[in-house]
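Undergrad: Structure for the following, please:
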Amino acid sequence: MKINNLKFFEESSSEHNKYEKTLFYLLSIFIKRDSMSFYVEIINNFTFKFIKNGLERPDIIVGTFYKDQKLTLIINPMTFFKRSEQEMMFMLIHEAEHILNFHILFDIKKDLSHGAMVEVPYKYLDEKGIERTFIQKIPLATIAMDLEINSLKFKMPSNGSYNNQNEVS
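TA: This is a model prediction of the structure:
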């Protein structure tokens, strides 16, 4: 499978299996929390693809791909697994919310009125600690969908504690 010049580990590879085990371990932590079990059940319905050339695409952390009636969670292990457990779970919930809000049905190739492109600068530190900028062209509708999802009930707790039903911890 190739998407936008991305290469993926084969599902039978040791790398894929290692990353999948790490992901399932994360999910096993959060399924024990009543407020998270709903999302874990949704996420468990995805198939997973791990980006092989992740260092070349630091702008990608995690995303949802829908094709042939299959939901695939695309994960860049070079960026995703460097986050805290709370951040990783928040990103997975973010992707699950895209599914729940039918955003996977958006296709700029079929409806060009939603496909106005916007250049978005993405800044990151490379392996040597040097700040780099990667310009990404993103459909304006994609930005709007992300803003909608990020305005929903889940937010990252400031102190890592679980105080209310609206926080991921």
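Undergrad: what comes into contact with the helix or strand residue 138 falls within?
TA: Here residue 138, judged by DSSP states H and E, is contained in strand 131-139. Outside strand 131-139, the residues that touch it by C-beta atoms under 8 Å, 6 or more residues apart in numbering are 58-59, 108, 114-126. C-beta here means a position set from N, CA and C on the backbone, and glycine is covered the same way.
Undergrad: Looking at neighbours, which among these is most surrounded?
TA: Most neighbours among the contacts of strand 131-139, by other C-beta atoms under 10 Å: residue 58, with 18 neighbours.
Undergrad: and the nearest residue to it once chain neighbours are set aside, which of the three is it?
TA: Spatially, and ignoring its direct neighbours in sequence, residue 58 is nearest to residue 124 (4.7 Å; C-beta to C-beta, 6 or more residues apart in numbering). Classification of residue 124 using DSSP: H, G, I helix; E, B strand; the rest coil returns strand.
Undergrad: For the residue nearest to the spatial centre of the chain, give the beta-bridge partners.
TA: For the chain, the residue nearest the mean C-alpha position is residue 62 (2.5 Å; C-alpha atoms, centre = their mean). Taking DSSP bridges, one finds residue 75 as the beta-bridge partners of residue 62.
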